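In: generate coordinates for the sequence data below:
(one chain, ligands or ions: 1)
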Amino acid sequence: MAQRIDGKKVAATVRREVAQEAARFRERFGRAPGLSVVLAGDDPASAVYVRNKEAAAKECGFEGEVLRLPNEVSTSEVLDTVLALNERRAVDGILVQLPLPRGVDEAPILEAIDPRKDVDGFHVENVGALWSGLPGLVPCTPSGCMRLLREARVDLAGKRAVVLGRSNIVGKPMAALLLREHATVTVAHSRTQGLPELCREADVLVAAVGRAKLVKASWVKPGAVVIDVGMNRDEQGKLCGDVDYAEVEPVAGAITPVPGGVGPMTIAMLMQNTLTAALAIEQARR
Ligand code: NAP
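Out: All right, here's what the predicted structure looks like:
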């Protein structure tokens, strides 16, 4: 039976660590780390994500607020909101919840965020820093996956890693992080040929495709570590990953469940990033 990597438990540990550090931060700098979330429109899934982020920020002792903008908002109105947050001294982290309403241009908004406050790690400056091995803010979901691999004591050096998916949010930064830990990394996507055979070569398989139960037992090398980023609904409407858990679990050496795997880590790493940003900002002020 595979080791079940418990993301819920690890995420609680991360939040506790961040809360302790945030208390020290408050003593030292006379204020709490600040996180501001921009929520434009009325997407119900986004509303749930933002509520969870608010709750985690509160638990960590952060100051913060959610700036709500209407569905009919323009690109320049969102831009103005971001630019105002860039100037606010009490704001260390700025997160623009995606997707933005139809008609709002995402790219200029993400690029307008001060890279030092870019707690999602999507700004080109942070993307460049990640690929160049320089310090910067790293996207939350892949850094959560890395923390899970560390907790599961997976030694990545020299291992074959396959990342399924090449999005800017998950696949690409995941590949960069695995490479940084000396894995030999292959990034696969919708045009990749021979996907099952390719995946079967992996010692570490990260699935971030958004296709319910795509990864089958025959795709997985016995004993491999499987990290499932996917969040999908199955035929019964139940939450499931990109990996067919029931099939793959007996083959894998370790595996993350859905729910309770990568999902809780994303918000925990957002809290970590906010603290990291706050410390860097305060240190630069001194
Ligand atoms: P995305 O932007 O839609 O990217 C999906 C990637 O998968 C693309 O690179 C796509 O290839 C590839 N792909 C799609 N179908 C494929 C197939 N049949 N075979 C091989 N590759 C395929 O998605 P994302 O934002 O990276 O998210 C991926 C999944 O993770 C989703 O289920 C999402 O809900 C979940 N997610 C979870 C969290 C969390 O906190 N747990 C956070 C973010 C995302 P092309 O590039 O060729 O189109």
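In: use CA for all of it now, contacts and neighbours both
Out: OK.
In: so what's residue 199 closest to, chain neighbours aside?
Out: residue 219 (5.5 Å; CA to CA, 6 or more residues apart in numbering).
In: now do the contacts for that neighbour.
Out: Neighbouring residues of residue 219 by CA atoms under 8 Å, 6 or more residues apart in numbering: 195-200.
In: before we move on, what about residue 229?
Out: Residue 229 makes contact with 206-208, 241-242, 261-263, according to CA under 8 Å, 6+ apart.
In: ok, residue 5 next?
Out: With CA under 8 Å, 6+ apart, residue 5 has these contacts: 148, 152, 254-257, 261.
In: of all the residues you listed, which two lie farthest apart?
Out: Farthest apart among those by CA to CA are 152 and 257. That separation is 13.6 Å.
In: quick one: which of the two has more around it?
Out: Set side by side, residue 152 and residue 257 show more neighbours around residue 257, with 24 against 16, by other CA atoms under 10 Å.
In: assign a three-state SS to that one, would you?
Out: Three-state call for residue 257 (DSSP: H, G, I helix; E, B strand; the rest coil): coil.
In: leaving out the residues flanking it, which one is nearest to the residue nearest the centre of the chain?
Out: Nearest to the geometric centre of the chain sits residue 141, at 1.7 Å (CA atoms, centre = their mean). Nearest-residue entry for residue 141: residue 266, 4.6 Å, with adjacent residues in sequence omitted and distances by CA to CA, 6+ apart.
In: my read is the one you found is in a helix, agree?
Out: Yes - checked against three-state DSSP, residue 266 lies within a helix.
In: please name the residues that touch it.
Out: Applying CA under 8 Å, 6+ apart, we find residue 266 in contact with 140-144.
In: and the ligand, which of the residues you listed contact it?
Out: residue 141 (CA under 6 Å from any ligand atom).
In: just list the residues touching the closest residue to residue 15 other than its chain neighbours, thanks.
Out: Nearest residue to residue 15, sequence neighbours excluded (CA to CA, 6+ apart): residue 268, at 5.7 Å. Contact analysis of residue 268 by CA under 8 Å, 6+ apart lists 11-12, 14-15, 56, 144.
In: put the buried members of these into a ChimeraX selection.
Out: This is the ChimeraX syntax for the buried subset of the contacts of residue 268, where burial follows 16 or more other CA atoms under 10 Å:
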select :11,14,15,56,144
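In: now the contacts of residue 268 in CSV, with pLDDT?
Out: Below are the contacts of residue 268 laid out as CSV (pLDDT from 0 to 100):
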residue, pLDDT
11, 98
12, 98
14, 98
15, 98
56, 97
144, 98
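In: what's the farthest-apart pair in the contacts of residue 268?
Out: 56 and 144 (15.0 Å).
In: just the CA trace of stretch 258-265, in PDB.
Out: Taking Å, rounded to 0.1, in the frame of the first residue of the first chain, the C-alpha atoms of stretch 258-265 are listed here in PDB:
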ATOM      1  CA  VAL A 258      -8.000  14.500  -3.700                       C
ATOM      2  CA  PRO A 259      -9.300  16.200  -1.600                       C
ATOM      3  CA  GLY A 260      -6.800  16.600   1.200                       C
ATOM      4  CA  GLY A 261      -3.600  16.500  -0.800                       C
ATOM      5  CA  VAL A 262      -2.300  19.500  -2.800                       C
ATOM      6  CA  GLY A 263      -5.400  21.600  -2.400                       C
ATOM      7  CA  PRO A 264      -4.900  22.700   1.300                       C
ATOM      8  CA  MET A 265      -1.200  23.400   0.600                       C
END
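In: related to what we said a few turns ago, of the contacts of residue 268, which belong to helices?
Out: Judged by DSSP state H, the contacts of residue 268 include 11-12, 14-15, 56, 144 as members of helices.
In: what segments of the stretch 151-286 of the chain are strands?
Out: Here the stretch 151-286 of the chain has its strands, by DSSP state E, counting those that start in this stretch, at 160-164, 184-188, 204-207, 225-228, 232-233, 239-240, 254-255.
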